[in-house]
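In: attaching a predicted model along with its sequence, questions to come.
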Amino acid sequence: MEIDHNSVVAFAKSWGLFYLVAMALGVVIYALWPGNRKRFDRAKTSILDKDDRPGD
């Protein structure tokens, strides 16, 4: 079987959507996983730490 442009486009159109949806679901699951709550809370407040003030 020879791979031409039309077959690559057909493959990308059919399976590319499933790939992108799976990646998006993976990111959402990672972000909402209960074990990551401390890490994201620390990242949320770390920019406001007293050690990071300019001019000190």
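Out: Okay, I see it.

In: can you dump the C-alpha coordinates of the helix or strand of the chain with the lowest mean pLDDT into PDB?
Out: Ranking every helix and strand in the chain by mean pLDDT, DSSP states H and E puts helix 37-46 at the bottom, with a mean of 87. Output of helix 37-46 as PDB, limited to C-alpha atoms (Å, rounded to 0.1, in the frame of the first residue of the first chain):
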ATOM      1  CA  ARG A  37      -4.700  19.700  45.200                       C
ATOM      2  CA  LYS A  38      -1.800  20.600  47.400                       C
ATOM      3  CA  ARG A  39       0.500  21.100  44.500                       C
ATOM      4  CA  PHE A  40      -1.900  23.500  42.700                       C
ATOM      5  CA  ASP A  41      -2.800  25.400  45.900                       C
ATOM      6  CA  ARG A  42       1.000  25.900  46.500                       C
ATOM      7  CA  ALA A  43       1.500  27.100  43.000                       C
ATOM      8  CA  LYS A  44      -1.500  29.400  43.300                       C
ATOM      9  CA  THR A  45      -0.200  31.200  46.400                       C
ATOM     10  CA  SER A  46       3.600  30.900  45.800                       C
END
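
In: got a list of contacts for stretch 6-19?
Out: Stretch 6-19 is touched from outside by no residue, with contacts defined as CB atoms under 8 Å, 6 or more residues apart in numbering. Backbone N, C-alpha and C define where each C-beta goes, glycine included.

In: what mean pLDDT does it have?
Out: If you average the pLDDT over stretch 6-19, you get 91.

In: before we move on, the earlier item: how far does the least confident helix or strand of the chain sit from its chain's centre?
Out: Offset of helix 37-46 from its chain centre (CA atoms, centre = their mean, to the nearest Å): 17 Å.

In: so where do the helices sit in this protein?
Out: In the chain, the segments counted as helices under DSSP state H are 5-32, 37-46.

In: can you give me the distance of the residue most central in space within the chain to residue 14?
Out: Geometric centre of the chain, nearest residue: residue 27, 4.3 Å, by CA atoms, centre = their mean. Per CB to CB, to the nearest Å, residue 27 is found 22 Å from residue 14.

In: over to residue 8?
Out: Between residue 8 and residue 14 the computed distance is 11 Å (CB to CB).

In: likewise residue 28?
Out: Going from residue 28 to residue 14 by CB to CB gives 23 Å.
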